[in-house]
Structures are given as C-alpha cells and as structure tokens.
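**Q** the sequence isn't on hand, but the structure is:
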Ligand SMILES: C[C@H](O)CC(=O)SCCNC(=O)CCNC(=O)[C@H](O)C(C)(C)COP(=O)(O)OP(=O)(O)OC[C@H]1O[C@@H](n2cnc3c(N)ncnc32)[C@H](O)[C@@H]1OP(=O)(O)O
C-alpha cells in the first residue's frame, strides 16, 4: 500500500514546499491533516523558511476530505472523529500565517482540497485543472470554510451555483473569476509558485486573506435577492435535501455577520449534517458506485478488455435505435440491421432524431452530431457482420425469433464476436440454447431511452466467459453507462426487484385507495413520478406484457389487476393517446382525469378485495411502505438468489435504472435504515390482512430474526450465487 504522508522540503531560496501524498487523489485523510499541521508549524517557526508552497504529489492537488471518515462517523455515530480543520488548520495555521502560503494546484482541487487552496494567500494552477466544491452530493456542505471563501473569491452568484449544483469549473474560468491568480504549465508550476510566494514575502505582490475580503460580495440587497432565488430553486429541485437550505443559511450568516462567524456556523452545522440520513445515503452511493466495477473472477484475474470497434445492432425499434445512438455518440461504428427497407428507414430516422435532439438541447455540437451519424450504416442482411466485434440483438420479446437470430449470427460473425441480447426478461439460456457459442452469449439490458438512461445491466449465465463480461463492461463505460453485472433470472436484477412496485399500487387501488394519492405519496418520497403516471408514460400494452411474464414466473406473489384491460377496453392507452389516469394537455402538467374513476370502480367490483366492500383506511406513510416494502421483499429474494454481486450493486441499479432517490441510498440501504424488523413485521401483518402478495420472503424473515441488515453478506448466498 502506498504511504500516506506529508513531505516538506526547504530550498536554498527559503521556500518550504509542503506536499500532500495520499494516492490516488491525495484525499485529506486524518494522518494527512495531522501531517499538514505539523509541517506548517515547523515551516512557520524555522528561521530559514521565508515562504511556503502547498502542493499535491502525482499531478493531483487533492480530491478533498477523506470520505472514508464520513463512513466511520456513520457507522459509529461518533462525530468527534472529524478533526478541527476549518479553524485550527485553515484559519489559524494557513490563512493567518505570517509567512505567505501559495497553493500550487495541479489536476484537481475538490471539496476540502479547494478549501485548503482558498485558505492560501494565492493560487497558481495548471491548465484544465478541475476546481469545485461537490460536498452537497455527499449530503453535507463545504466544511473547511468553503461556504465563506468561495463567494469572496468568485462572487456570490457564481459561488452559490457552484456549491448548490456541485458544478466544478476549469482553472481557465477560475482565473477569469479571480479564484486562480495565474495559470502556468505543469513544468513551471512549482517554479512560478515559489517565486510568487517570495514576491508576497517581499511585498511585490499583495498578501491576501480570502476570508477578509468583501469586494465581490455585492450589496446586502443584491445578496438577499440571490439567496432568495436560490432558496426558491432548491425548494423545487431538492425539497428532501436539507444540505441545500443549510448551505444557503451558512452563506447568509457570513454575509450578515462576517466571514469568521460564517466559518464558525459552518463548522457547527456541518457536524449535524454528517449525521443526517441524507449524508449516510449519499456517501453509501459514492462508494457503491465505485465498488460496482469490481466483479470477482472477472476484473481481478489479470484480463484486459478487448477493443470493440464495430458493433451490429439488430432491430431499429425504440431500444435498438437508442442503443445505436449511444454507440455512435462514442465513436463506435454501428451496423443497424432491419428486416425491410421501411423498418430500416424508420430506425435510422429515430437515431437521427435522437442525435438532433441532443444538439437542440445544447448537449452536442452540430459537428459532433454529423461525425456520430457518419458512424452509422443501415443493412438488410448479414454481409456486414463478418468483421463486427459485437452484436446486440434488440428485436421484440419472442423466444423462437431470438433463437433463430442467434443461430444465424453465430454462423455470420467472427469467432471472437460477443453475442449480446437486449432482452429485458427472457432467460438467456433459452435464447442461446440452439447455438454452440454459449460462452459468448451475454445480456446487455439497456433502459429506455437507451441513449440517455445511465444503467447497463450486464446479464451473465453460468457459461458466459469472464473475457466477454469484461469486454461488455468496457464498452458500457466507453458509452458512458454504469455497467452492473447480474445473474440470469426473470427480470434480472432491476425489473425483477421492481415488479411489485406497480402491482402493489394496483392492489392498493383495489383495496380502495385513490391512485392519485398514491402517485403524490411516491413523488414526495422522491421518485420522479408515481406508479400510475409511469404506467401512463410507458403505455398499457407494456404493463400487460410485463405483468404476464412475472405472473408466469412468480405466481405465488403476483397480483393480476383487472384495471389495465378495462382501461384499454374503454379506449385508453395512457399518454400515447392522451387518455390515461391523467389528462395530458400541451404546455401544462398532467391533471388527474375524473372520468377514469368509474372504470376504477368497476375494476374494484370485479376484484372484490375491499374488506366488507369498504375502502381500507391508510395513512400516507402506510401507502408508501405497502408499495416500497413489497419492492424490498423482492430485493431480498434477488439477494438470496445471488443475482447481484453485493447488495450495494442493487442500490446503484435501483437509483440509475428506476430513479430511486440517490439521497436515500438505494432500495436495500433505505430498507436497512428504516429497520429490517419493521419491514418484516409490516409485511407479515399485511399478508395476514390482504394475502400472499405481501408474504415476507425467507431471507427477510431470517435477517429480522437474527437482527442482521439486509446488506450484510451471507455465506449461504455465496454457495447459491448465479455469478
Ligand atoms: C470538509 C470538506 O468540505 C468535505 C469534503 O471535502 S468531502 C469530499 C469532497 N470531494 C469529493 O466529493 C470528490 C470525490 N471524488 C471524486 O469525485 C472522484 O473520485 C475524483 C474526481 C476525485 C477522481 O475520479 P476518478 O479519477 O474517476 O477516480 P475514482 O475511481 O472516482 O477514485 C479513485 C479512488 O479514490 C477514492 N477517492 C476519491 N476521492 C476520495 C475522497 N475524497 N476520499 C476518499 N477516497 C476518495 C475512490 O473511492 C477510489 O477508490 P477505489 O479505487 O478504492 O475505488
């Protein structure tokens, strides 16, 4: 393991260079903070030191405070594990140091890293260095004085934007704004920084303490207006995230009562925020996202991903065109195959529309759009397949059709070719049954729209080779997806876990609960839309097809709703034909459609589930739990069956695939936080009242009895793992 330390070297020019050394990102771990204090104290007292340069080893200044410490605080509840950096190190030791301190910033300075640099008397950076305060994405606020110094260096409006959106800037912009004093080449960084520090020492340049500046803060009235607008914005975009509002309050404190008081308030509320559930959830997600790319026996056995230059996509429908779009946007040649010229033209037009919409939204330049489209070729036969590195089949969910395609492509493609299917539910062993290339067969389950949604579920069978899995992971990363490797079962990890989401909502409606209330409860919890809005959006045909697949696979725990068929019988098909649970009018938000209520009544009569024919009485909290605990219950079965490598993979997948709120840490993490026993006893009670749909799984019951978390790894799962 690389050594964690702070180095100091004093040159003959009288400049002490203090260097943070904690690869790979020079995180400010506790020993680093202690080391900085020690070296700064030494440099301050040594007679041969006239000025100080602070820098980071290995081309990166610092990625901020060590996030592992947050995790320790979350586990122990002991906030005293956080050292006093803000006042003791940044204000007293660095900013108030009589000897000038210059930050030599290379590569990146994020969070606490940038805050240290802002405590220095000047900042010199290399080109394209990333600068930002992303603490809000971890459920906290900047805690080393960043809420006070950034507004004083770049102005209030820009600082609020950078902190609330966790948006970093490049050093070039930082230089224009006044955050960076000069930009120099990497080779010159130390030389210029040393000279700059000496210049300050000899009064050729000003000795600036950021916290004492007020020139960029604007008038009190302007500041009030900026903060008011930011609060209104946060109410809309981050209603469940306390750190946004706290950050604005702390900034305001500094404006009203001065920078130092702002620093004191910042340090105080930081400690409360670290202990919040939001911070627990977001820090968990930070590490979970990094763990997901570590797949035992795949990424740890010395294999290297092969280069995938050309991919064939079979089927130009919604999924196929989305997948092709994602590939060409990352400079991968795509051959799009369809069965007729009409279908092919339709597919190509969809891809063009996808690319052009990115240009219209300003996310892609017209040049890049043209280049991407030039990577696409439409075909009607397999002649172009002889040199493809990967095929992704994206035709309709029809087993014989997929089997035929796989036997055909096996003959047409080179022997190294990866044979992937975008099925969202069908067993991969069935698809590949008639081929002899089963080690090359893999699932590439994209989420719709495939060129936008970030998750890629990589489905492996017992036969899929490690090399093929690694190759698809690499392609996934190249096209900017987060690949999660999962085992083969109906619905795989995400759709299987979430099938009870819409089913429990329907069950509740048939017990007498208002669907619009259900949607409201789910949206206020933080999902972008409730189950009925989602059903309107995806169309009722999809709901019926998917419902049937899960009813066939898991007949003991599915609810067959009569409502969707009734809606279709009444000429409704959701947003598609403008007639769903909601009314869709151009330019306004969907409104509940009262004319759907008689259809719901009819469906309730047919299902005859309401006890004594009367609607059940439930609180909003019960509605939320009846829906989401059913999902947790299936997540338990997914964990029990070893469909995912680790519980946190399912958390990331639930966030990226189903838009489960990241600040709740993902579905399993959230359930652990709510309490395993509470989830178990609630489901047990509902199963007694309303039937088997809610019956707690064996995994959940065992964990509740043993007092274990759902995320605790279990040795018995390892032996049954599908991975
Ligand atoms: C009091 C203060 O105000 C509070 C803070 O400073 S909180 C911290 C604020 N800083 C951040 O949020 C930055 C977090 N880090 C990142 O965004 C990215 O890691 C990065 C842009 C620095 C580098 O990205 P990239 O090169 O893709 O590498 P990435 O895989 O993310 O990270 C490399 C390793 O460093 C670790 N790491 C990155 N930043 C870290 C940090 N601040 N603390 C601890 N570990 C960190 C990662 O966990 C990963 O570890 P692994 O290899 O064991 O999985």
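**A** The structure has been received and is ready for your questions. Everything numeric in this text was worked out from a predicted model, so none of it was measured.

**Q** every contact and neighbour count from this point should use C-alpha atoms.
**A** Noted.

**Q** hey, where'd the strands end up in the stretch 101-250 of the chain?
**A** Applying DSSP state E, counting those that start in this stretch to the stretch 101-250 of the chain gives strands spanning 101-105, 108-110, 122-125, 130-132, 169-170, 182-183.

**Q** ok, residue 496 - contacts?
**A** Neighbour list for residue 496: 490, 634, 638 [criterion: C-alpha atoms under 8 Å, 6 or more residues apart in numbering].

**Q** distance of the first one from residue 332?
**A** Pointing back at residue 490 there. Here the criterion is C-alpha to C-alpha, to the nearest Å. By it, residue 490 lies 30 Å from residue 332.

**Q** is any residue of stretch 646-665 near the ligand?
**A** No - Stretch 646-665 stays clear of the ligand (C-alpha under 6 Å from any ligand atom), getting no nearer than 13.6 Å.

**Q** contacts for that stretch, please.
**A** 139, 241, 277-282, 284-285, 288-289, 291-292, 447, 453-455, 484, 493-494, 526-528, 635, 639, 644, 666-670, 710-713.

**Q** take the residues you listed and keep only those in helices.
**A** 277-282, 284-285, 288-289, 291, 494, 635, 639, 667-670 (DSSP state H).

**Q** quick check, pLDDT for the closest residue to residue 620 other than its chain neighbours.
**A** Nearest non-adjacent residue to residue 620, counting by C-alpha to C-alpha, 6 or more residues apart in numbering: residue 521, 6.2 Å away. For residue 521, the model assigns a pLDDT of 98.

**Q** how about the contacts made by residue 521?
**A** Counting by C-alpha under 8 Å, 6+ apart, residue 521 touches 530, 620, 623-624.

**Q** check which residues of the helix or strand harbouring it are buried.
**A** Residue 521 belongs to helix 515-525 when assigned by DSSP states H and E. Across helix 515-525, burial judged by 16 or more other C-alpha atoms under 10 Å covers 515-516, 518-522, 525.

**Q** dump these to a markdown table, plus distance to residue 587.
**A** Listed next are the buried residues of helix 515-525 as a markdown table, based on distance: C-alpha to C-alpha, whole Å:
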| residue | distance to residue 587 |
| --- | --- |
| 515 | 23 |
| 516 | 20 |
| 518 | 24 |
| 519 | 21 |
| 520 | 21 |
| 521 | 24 |
| 522 | 24 |
| 525 | 25 |
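
**Q** give me the subset of these touching the ligand.
**A** When C-alpha under 6 Å from any ligand atom is applied, no member of these is adjacent to the ligand.

**Q** count of neighbours near whichever residue of the stretch 401-550 of the chain sits closest to the ligand?
**A** Closest approach between the stretch 401-550 of the chain and the ligand, counting by C-alpha to the nearest ligand atom: residue 477, at 11.4 Å. Number of residues near residue 477 (other C-alpha atoms under 10 Å) recorded here: 14.

**Q** how about residue 561?
**A** Residue 561: 22 surrounding residues under other C-alpha under 10 Å.

**Q** pLDDT averaged over stretch 343-362, what's the number?
**A** Mean pLDDT, computed over stretch 343-362, is 96.

**Q** for residue 257, give its distance to residue 249.
**A** From residue 257 to residue 249 the distance is 12 Å (C-alpha to C-alpha).

**Q** more neighbours: which of these two?
**A** Applying other C-alpha under 10 Å to residue 257 and residue 249 shows that residue 249 carries more neighbours, namely 18 against 10.

**Q** where's residue 342, which helix or strand?
**A** With DSSP H and E as the test, residue 342 turns up in helix 341-360.

**Q** mind listing what's buried along that helix?
**A** 343-344, 346-348, 350-352, 354-356, 359.

**Q** from the contacts of stretch 646-665, keep the buried residues only.
**A** Burial by neighbour count, 16+ other C-alpha under 10 Å: within these this picks out 139, 241, 277-282, 284-285, 288-289, 292, 447, 453-455, 484, 493-494, 526-528, 635, 639, 644, 666-670, 710-711.

**Q** check what pLDDT the residue in the stretch 201-350 of the chain that the ligand sits nearest to gets.
**A** Nearest residue of the stretch 201-350 of the chain to the ligand: residue 290, at 4.9 Å (C-alpha to the nearest ligand atom). pLDDT, residue 290: 96.

**Q** tell me how many other residues crowd it.
**A** 12.

**Q** measure it to residue 482 for me?
**A** Distance from residue 290 to residue 482, counting by C-alpha to C-alpha: 10 Å.
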